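1. attaching a predicted model along with its sequence, questions to come.
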Amino acid sequence: MGELKNCPSCGNLYVQHLRSVCDSCYTEEELMFEKVFQYMRKRENRQATLLDVHQQTGVDEEKITKFIRQGRIRVVGFPNFYYPCETCEGPTQEGRLCCSCKKKIMGDLKTNEFEAQKKLVDLGRSYYTD
């Protein structure tokens, strides 16, 4: 059974079950998605930017970015289409993070893994020397 919540978009009460917004906001969002999808589907719009799509469809850039992050719209093949990284707000064309943030996270993971292995080795040495 769903939980009674206020819709984050309009504030109306609804039963949250499968969606994060009420039925009327969901319907409105689907119409926005369809506008964006139809616009980006056209070959002549392959050079469009996020701002172009926003201006031509009237859909907020945040909604367009949401559709991309949900995997509902793919921007592969759109050389000028960039949207903000979730961490630094820098431009990216795929995923949730830009290349710089991905590299930083991978570096941090490697550093943490190295430090964890070093602690294990040190613990092993102290175990055998005591």
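-> Thanks, I have the structure now. Note that the structure is a prediction, hence the values are computed from the model and not measured.

2. so which bits of the lowest-mean-pLDDT helix or strand in the chain are buried?
-> Least confident helix or strand, the chain: helix 99-129 with a mean of 83, by mean pLDDT, DSSP states H and E. If you call a residue buried by 16 or more other C-beta atoms under 10 Å, then helix 99-129 has these buried ones: C101. No exception for glycine: its C-beta is placed from N, CA and C like everyone else's.

3. show me the shaky parts of this structure.
-> 1, 125-130 (pLDDT under 70).

4. find the residue at the geometric middle of it.
-> By C-alpha atoms, centre = their mean, the chain has its centre lying nearest to R69, at 3.5 Å.

5. which residues touch that one?
-> 86, 96 (C-beta atoms under 8 Å, 6 or more residues apart in numbering).

6. try 10 Å this time
-> 83, 86, 95-96 (C-beta atoms under 10 Å, 6 or more residues apart in numbering).

7. also L4?
-> Contacts of L4 (C-beta under 10 Å, 6+ apart): 13-16.

8. as CSV, those with secondary structure would be great.
-> CSV is the format used below for these (DSSP: H, G, I helix; E, B strand; the rest coil):
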residue, secondary structure
L13, strand
Y14, strand
V15, strand
Q16, strand
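
9. which of the residues you listed has the most neighbours?
-> Among these, Y14 has the most neighbours (other C-beta atoms under 10 Å), with 20 neighbours.

10. sorry, back to before: as TSV, the contacts of L4 with distance to Q56 would be great.
-> As requested, those are exported to TSV (distance: C-beta to C-beta, whole Å):
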residue	distance to Q56
L13	35
Y14	31
V15	35
Q16	33
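
11. on that earlier part again, mark which of the contacts of R69 are buried, thanks.
-> Buried among the contacts of R69 by 16+ other C-beta under 10 Å: Y83.
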